[in-house]
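# using only what follows, build the 3D model:
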Amino acid sequence: MPDEKQQLILIEKNVVPETFLKVLEAKQLLKKGKAKNSTEACKLAQISRSAFYKYKDSVHYYEDKSAKKIITLYLTLSDEPGVLSSVLTALYELGSNIITVNQNIPAEDVAIVTISVRLNQKRISSDGIVSFLSKLHGVIDIKII
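Predicted structure coming up:
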């Protein structure tokens with residue numbers, strides 16, 4: 001008798017049954033708000049509601065958790081127009097996903113900013129981000145907290 005513990009398997013997309021791919025498509029339509037409910041998502045994905053409900057809790061996209069990491073940056077920035085914007089642009093260009101930004105009211109010509117980002121570590125490390133951002137105009141200090 002097979003082990004009753006849940007077991008996960010990883011299968012290449014090109015050999016997955018089309019029904020599973022359509023279930024994934026319907027789930028994405030719901031998640032992104034492109035479908036108001038499961039009935040609409042099933043119509044758009046061209047899948048029966050019974051197939052959707054049968055597999056929706058068992059079929060998921062694989063996300064390599066080891067390649068992604070959330071860090072929070074504590075920055076001291078010069079209180080000048082465009083400095084925060086250049087930091088955010090650089091983070092985007094480095095392939096990070098910005099989760100939160102919190103800027104305090106500037107005092108004594110500096111602003112304290114905390115930014116939480118999800119890194120794709122296959123592109124750049126947290127130390128690499130610190131090194132890159134510290135070279136930008138207006139970045140006075142940067143730490144990972």
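# distance check, N97 against L91.
9 Å (Cβ to Cβ, to the nearest Å). C-beta: built from backbone N, CA, C; applies to glycine.
# name the residues contacting each of those two.
Shared contacts of N97 and L91, defined by Cβ atoms under 8 Å, 6 or more residues apart in numbering, comprise V117.
# correct me if wrong: N102 contacts T114.
Yes - N102 lies in contact with T114 (Cβ atoms under 8 Å); the separation is 4.8 Å.
# between these two, which one's more packed in?
T114 (15 against 10; other Cβ atoms under 10 Å).
# which positions within the helix or strand hosting that one qualify as buried?
Taking DSSP states H and E as the criterion, T114 maps to strand 110-120. By neighbour count on 16 or more other Cβ atoms under 10 Å, the buried set for strand 110-120 is 110-111, 113, 115-117, 119.
# and stretch 137-145, by the same measure?
Along stretch 137-145, these residues count as buried under the neighbour rule (16+ other Cβ under 10 Å): 138-139, 142.
# now the buried residues of strand 110-120 as CSV including pLDDT and distance to L21?
Below are the buried residues of strand 110-120 laid out as CSV (pLDDT from 0 to 100; distance: Cβ to Cβ, whole Å):
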residue, pLDDT, distance to L21
V110, 96, 51
A111, 95, 47
V113, 97, 42
I115, 96, 36
S116, 95, 33
V117, 92, 31
L119, 84, 29
